[in-house]
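Engineer: Sequence below, structure please.
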Amino acid sequence: MNRVVPGENLELETRAFAERLASGATLAYAAGKRIVRAYLETGIRAADTLVDEIAPALFETTDMRAGVDGLLEHGPRHFRDRVVFQGR
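Structural biologist: Here you go, the predicted structure:
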């Protein structure tokens, strides 16, 4: 997400974005960071292998179910603001 905000709003907007991330699907965020790190350190094959190891467990999470349910209930344009992730 890229945004330009007036300088006087920068801290407020940055904190709001950080809080949104912190209350989001933190298990999925952590998995994504691990995959990117594997790619940067050892290449695409290592990242692909890691996806195969990490992804199945994510499909069993409460957050994944909430995301899918929200997508089905509210549609692709509106579900993000209506889904509550719990970091589980």
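Engineer: Per-residue pLDDT of the residue nearest the centre of the chain, please?
Structural biologist: For the chain, Tyr29 is the residue whose C-alpha lies nearest the centre (Cα atoms, centre = their mean; 4.3 Å). Looking at Tyr29, its pLDDT reads 86.
Engineer: got the contact list for it?
Structural biologist: Applying Cβ atoms under 8 Å, 6 or more residues apart in numbering to Tyr29 gives the contacts Leu21. To be clear about C-beta, it is placed using only N, CA and C from the backbone, and glycine gets the same treatment.
Engineer: name the element it belongs to?
Structural biologist: Assessed by DSSP states H and E, Tyr29 sits inside helix 26-42.
Engineer: Centre of the chain to that helix, how far?
Structural biologist: 11 Å (Cα atoms, centre = their mean, to the nearest Å).
Engineer: Equivalent analysis for stretch 60-75, please.
Structural biologist: Centre-to-centre, stretch 60-75 and its host chain are 13 Å apart (Cα atoms, centre = their mean).
Engineer: which residues are in contact with that stretch?
Structural biologist: Residues from elsewhere that reach stretch 60-75 (Cβ under 8 Å, 6+ apart): 25-28, 58, 79-80, 82-88.
Engineer: quick one, helices of this protein?
Structural biologist: Assigned by DSSP state H, the helices in the chain fall at 10-22, 26-42, 44-58, 62-74.
Engineer: The closest residue to Val36 other than its chain neighbours: neighbouring residues, count only.
Structural biologist: Leaving aside its chain neighbours, Val36 sits nearest to Ala47 (7.5 Å; criterion: Cβ to Cβ, 6 or more residues apart in numbering). Other residues near Ala47 come to 17 when the count uses other Cβ atoms under 10 Å.
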